[in-house]
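Engineer: Can you look at this prediction? I've put the sequence above it.
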Amino acid sequence: MEDELETQLADSPSYQAFLDSPEPSFKHTTYFAAYDALLDQYRGKSITFVEIGVLNGGSLFMWRKFFGDSARIIGIDLNPAARKWEAYGFEIFIGSQEDPTFWTKFCESVKEIDVVLDDGGHTYLQQIITTELLLDQIKDKGMLIVEDTHTSYMSGFGDPKIGFMNYILQSIHRINSRFGSFQPPQADRRVWSVEVFESIAAFKVDKKASHLKSRPVWNRELAPGEMAKDYRHERVAVTEADKKVVAKVLTRAFQIHPK
């Protein structure tokens with residue numbers, strides 16, 4: 001199994017950085033492909049990277065290895081003992097994700113951030129408060145990444161009505177509500193897009209793209225009679241066999257655990 005894992009992740013820079021960390025760190029194997037896809041663009045650059053959840057400190061060293069020495073690596077944890085990692089050149093802040101006052105002070109101190117990685121307590125309230133209060137701090141072309149979003153399907157992490165996956169869906173609704181035919185369009189344009197992986201969601205900031213005005217546009221003016229007939233609402237005969245296939249498709253489409 002270990003040999004198979006090594007083969008699957010042999011070309012993963014984030015996995016290699018994970019293995020090279022001198023301190024213990026815990027990750028799920030599916031995370032590394034997402035890390036590489038999302039974060040490769042920041043490697044070797046002078047970015048400010050914030051990780052929520054320090055635990056044994058291993059991931060701090062992992063991210064330093066992954067991004068390079070030009071990156072400013074900041075760790076946040078509720079455990080005061082995490083301050084010991086300051087001796088290795090990391091900035092450490094002690095506080096709770098659920099505490100708005102902590103975030104106000106943190107943002108005043110750190111200013112703009114390129115990337116936030118929330119690997120904290122994974123409760124719905126922690127995830128939502130962190131995302132809502134840090135989105136304004138994310139620099140253009142930056143992102144906020146939340147790990148362990150699978151807790152939205154588990155008990156013990158908060159009120160299911162405010163599960164984090166529900167929050168992600170609401171974020172997608174806000175993005176789509178910018179469509180020009182909706183008047184007034186959605187005013188919240190902090191996030192341009194949301195990308196979802198297994199157990200990971202990334203909120204991406206692109207200020208120019210998210211502030212584009214939505215309006216219909218043709219590539220050229222149509223000549224008289226050139227407009228094709230719109231068949232969108234034409235009725236098509238469907239056989240009983242087709243109806244059964246459609247029923248199966250819809251069942252599969254809305255199952256979380258297909259049989």
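Structural biologist: Arrived safely. All values reported here derive from a predicted model rather than from experimental measurement.
Engineer: So, low pLDDT: which residues of this protein?
Structural biologist: Scanning the chain for pLDDT under 70 picks out 1-2, 258-259.
Engineer: if you go through it in chain order, where are the strands?
Structural biologist: In the chain, the segments counted as strands under DSSP state E are 48-52, 72-77, 91-94, 113-118, 138-147, 193-197, 200-204.
Engineer: Using JSON lines, lay out those strands together with distance to residue 12 and mean neighbour count.
Structural biologist: For glycine as for every other residue, the C-beta is placed from the backbone atoms N, C-alpha and C. Below are the strands of the chain laid out as JSON lines (distance: least, Cβ to Cβ, whole Å; neighbours: other Cβ atoms under 10 Å):
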{"stretch": "strand 48-52", "distance to residue 12": "18", "mean neighbour count": "22"}
{"stretch": "strand 72-77", "distance to residue 12": "20", "mean neighbour count": "22"}
{"stretch": "strand 91-94", "distance to residue 12": "27", "mean neighbour count": "18"}
{"stretch": "strand 113-118", "distance to residue 12": "16", "mean neighbour count": "23"}
{"stretch": "strand 138-147", "distance to residue 12": "16", "mean neighbour count": "20"}
{"stretch": "strand 193-197", "distance to residue 12": "14", "mean neighbour count": "15"}
{"stretch": "strand 200-204", "distance to residue 12": "15", "mean neighbour count": "21"}
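Engineer: so which of these comes closest to residue 175?
Structural biologist: Between residue 175 and the strands of the chain, the tightest spacing by Cβ to Cβ is seen for strand 193-197, at 6.9 Å.
Engineer: Parallel or antiparallel, which strands does the closest one pair with?
Structural biologist: Strand 193-197 sits in its sheet next to strand 200-204 (antiparallel), going by DSSP bridges.
Engineer: before we move on, back to that, let's have the strands of the chain in a markdown table, adding distance to residue 168.
Structural biologist: Putting the strands of the chain into a markdown table (distance: least, Cβ to Cβ, whole Å) gives the following:
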| stretch | distance to residue 168 |
| --- | --- |
| strand 48-52 | 17 |
| strand 72-77 | 22 |
| strand 91-94 | 26 |
| strand 113-118 | 13 |
| strand 138-147 | 8 |
| strand 193-197 | 6 |
| strand 200-204 | 5 |
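Engineer: Quick one: closest of the ones you listed to residue 228.
Structural biologist: Residue 228 lies closest, by Cβ to Cβ, to one member of the strands of the chain: strand 193-197, at 31.1 Å.
Engineer: Can you check which of the strands of the chain gets nearest to residue 220?
Structural biologist: Closest of the strands of the chain to residue 220 is strand 193-197, at 29.1 Å (criterion: Cβ to Cβ).
Engineer: and of the strands of the chain, who's closest to residue 244?
Structural biologist: strand 193-197 (30.8 Å).
Engineer: got a list of contacts for that closest one?
Structural biologist: Here strand 193-197 makes contact (Cβ atoms under 8 Å, 6 or more residues apart in numbering) with 30, 33-34, 37-38, 149, 168, 171-172, 175, 201-204, 206.
Engineer: Swap in 6 Å and give it another go.
Structural biologist: 34, 171-172, 202-204 (Cβ atoms under 6 Å, 6 or more residues apart in numbering).
Engineer: follow-up on the earlier one: and the strands of the chain: which comes nearest residue 232?
Structural biologist: strand 193-197 (26.5 Å).
Engineer: so how far is residue 129 from the residue positioned nearest the centre of the chain?
Structural biologist: Nearest residue to the geometric centre of the chain (Cα atoms, centre = their mean): residue 202, 1.3 Å. From residue 202 across to residue 129, the span is 18 Å (Cβ to Cβ, to the nearest Å).
Engineer: Equivalent analysis for residue 13, please.
Structural biologist: Distance, residue 13 to residue 129, by Cβ to Cβ: 31 Å.
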